[in-house]
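Undergrad: Next come a sequence and a model predicted from it.
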Amino acid sequence: MSLVEFKDVTRIYTNGDHELRALNGVNMTLEEGEFVVILGPSGAGKSTLLNMLGGLDSPTSGQILVEGKDISTLSANELAEYRSNKVGFVFQFYNLIPTLTVYENVALVKEISKNPFNPAKMIAEVGLSDHSKNFPSELSGGEQQRVSIARALAKNPKILLCDEPTGALDSETGVMVLKLLLSMARNYGKTIVIVTHNQNIAKMADVVIRVKNGKIKSCEKQENPLSAEEMEW
């Protein structure tokens, strides 16, 4: 059984008499431990796809199955539990709490997750053990993004959803973050889904999904994706 399956998923937003089909009959499957890149121009439906999978939005029609369970039928409380235990989020901007230290930001997940990883271990995984007592304002942008990844991973989610995770970073720091995400897929068996405009990142992916006008134009599985070290940035 696939970890994720979208079955004829459509999302329509309405504004008065105007309708916008952000997603239009999307079908796709994702397997456990895959590194997935979703590509497409602005307005193609990439972020809507991510929000649907993350339980932040619901389809107008169709089914979204995660481990065989249709999350589109869940109540608000059940969706909150799904987001707490199954999904981690990494965004372009880091959403750290400025009054908490690095350790405290990551340790917050212990309050909501049933089976979290040790916060100190996740901070070590992203190479920031020496900064555990620092506040976000004392960190660089790349370091803050690594904290947000540690926080997302500390929940021990099945799926890590990343919306333009390197968009606010310089190229060198972006490469560091991508290496980290790829290692999480390989070493921890997490399914990593990245929405991006960066065509280069697709060369690292197990699966490349191209989205346009709310539809999946192609879904390509790559047998020998490049490692981050092999990439030409």
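TA: Right, received. Where do you want to start?
Undergrad: Show me which helix runs longest in this protein.
TA: As assigned by DSSP state H, the longest helix anywhere in the chain is helix 171-188.
Undergrad: all helices of the chain, in order?
TA: Ranges of helices in the chain, per DSSP H, are 46-53, 76-85, 102-107, 119-125, 141-154, 171-188.
Undergrad: For the last one, buried residues please.
TA: Going back to what we said before, that points to helix 171-188. Buried positions in helix 171-188, judged by neighbour count with 16 or more other C-beta atoms under 10 Å: 173, 174, 175, 176, 177, 178, 180, 181, 182, 183, 184, 185. C-beta here means a position set from N, CA and C on the backbone, and glycine is covered the same way.
Undergrad: Does residue 101 touch residue 132 like I think?
TA: Yes - in this structure, residue 101 is within contact of residue 132 by C-beta atoms under 8 Å, at 6.7 Å.
Undergrad: ok, back up a step: mean pLDDT for the helices of the chain: which is lowest?
TA: Least confident of the helices of the chain, judged by mean pLDDT, is helix 171-188 with a mean of 80.
Undergrad: between it and helix 141-154, how big is the angle?
TA: Going by axes from the mean of the first three to the mean of the last three C-alpha atoms, to 10 degrees, helix 171-188 is angled at 20 degrees with respect to helix 141-154.
Undergrad: Can you give the contact residues for helix 171-188?
TA: 33-35, 90, 125-126, 140-142, 145-146, 149, 153, 160, 162, 165-166, 169, 190-192, 194, 201, 204, 206, 227-229, 231, 233 (C-beta atoms under 8 Å, 6 or more residues apart in numbering).
Undergrad: Provide a PyMOL selection command restricted to the buried entries of those residues.
TA: The following PyMOL line selects those of these that are buried, judged by 16+ other C-beta under 10 Å:
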select buried, resi 34+35+90+125+126+142+145+146+149+153+160+162+165+166+169+190+191+192+194+201+204+206+228
